[in-house]
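Peer 1: here's a sequence, model it:
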Amino acid sequence: MLKLFEKNKLVFSLILILVYVVSFSLADAFSEQQGIPKLFTVIVGALLSTAVMLFVLKNHLSAYVGLAKIRGSGRNYLYFIPLILLSVVNVVSLMIIGESLKIDLQTLLAAVSMIFVGVLEEIIFRGFLFRSLCEQKISTAFVISSLTFGMGHIINLLSGAPLFDTLMQIIYASAVGFCFTALFYCCDSIIPCIVSHIVVNASGVFIDSYSRTELIVITIVQTGIGLLYGLWLLRTHKNTASEVMKNV
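Peer 2: Modelled structure (predicted):
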């Protein structure tokens, strides 16, 4: 795997995405067949996360994928405030529509699986894919990595997710993906992205369902915050970002 990574980082990233998507899809399907949704997804997520982390650590790629200290002074942490707002959208929704809150074994397993999803998707899409694309053209890297991240959610249709819900998810996931990529680009760390990704996804599974209107509102809010926050980061931290990329 290391030889493939060194030879062609983009191909390595795409293979990693394929392995992630296929393994999680099969695990979801098998869990459903066994009557315990998400059980094997959690197991596969734990195994794949461990394998990826061992690969990163063994080959000293922590800094490359962004598993590093946030770049900049303590004052720069203030630009995480919009990220906090983005993260708590589902939490606020839980407080507003508390009657739809659901807690059972399936939900808890789904929440745990989201921990591994957050770790894997950030390392794969930001740490590997975006970094590899930046070797060609940074603007293209932003577009491809963000849209790929968003379009990856189309796989939810195979799990029985409604088409409208999936389309909304693709829209706001692309915007959030752009936001996370901009944050990684500016501060050279995916750790804030991982934490926010886990909070957004894990909190969402505790909601039984959104009405179409609620889903549209949430999509607008998350898309708006994601795009505006990402653009603001790129504009206000462009010098820092340029310096970061010189060290890749």
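Peer 1: C-alpha only now, for contacts and for neighbours.
Peer 2: OK.
Peer 1: low-confidence stretches in this protein?
Peer 2: 72-79, 93-102, 159, 208-209, 238-248 (pLDDT under 70).
Peer 1: please repeat the previous calculation with a cut-off of 80.
Peer 2: Along the chain, segments meeting pLDDT under 80 span 71-83, 85-103, 155-161, 204, 206-211, 236-248.
Peer 1: helices of that one, start to end?
Peer 2: Along the chain, the segments classed as helices by DSSP state H run 2-7, 9-33, 39-58, 62-65, 81-87, 89-96, 105-121, 131-134, 138-151, 163-187, 191-204, 212-236, 238-246.
Peer 1: ranking the ones you listed by burial, who's on top?
Peer 2: The highest average neighbour count among the helices of the chain, using mean count of other C-alpha atoms under 10 Å, belongs to helix 163-187 at a mean of 23.
Peer 1: relative to the whole chain's centre, how far out is it?
Peer 2: A distance of 8 Å separates the centroid of the chain from that of helix 163-187, by C-alpha atoms, centre = their mean, to the nearest Å.
Peer 1: what's the angle between it and helix 105-121?
Peer 2: 40 degrees (axes from the mean of the first three to the mean of the last three C-alpha atoms, to 10 degrees).
Peer 1: circling back to that earlier point, of all the helices of the chain, which lies closest to Arg71?
Peer 2: Closest of the helices of the chain to Arg71 is helix 163-187, at 4.8 Å (criterion: C-alpha to C-alpha).
Peer 1: what's that closest one packed up against?
Peer 2: helix 138-151, helix 191-204, helix 212-236, helix 238-246 (3 or more C-alpha pairs under 8 Å, 6 or more residues apart in numbering; DSSP states H and E).
Peer 1: related to what we said a few turns ago, for Leu157, find the nearest of the helices of the chain.
Peer 2: Of the helices of the chain, the one closest to Leu157 (C-alpha to C-alpha) turns out to be helix 163-187, at 6.8 Å.
Peer 1: angle of the closest one against helix 138-151?
Peer 2: Using the same axes, to 10 degrees: helix 163-187 against helix 138-151 is 140 degrees.
Peer 1: make 27 the starting number, not 1.
Peer 2: Happy to do that; since the first residue is 27 now, the last one works out to helix 189-213.
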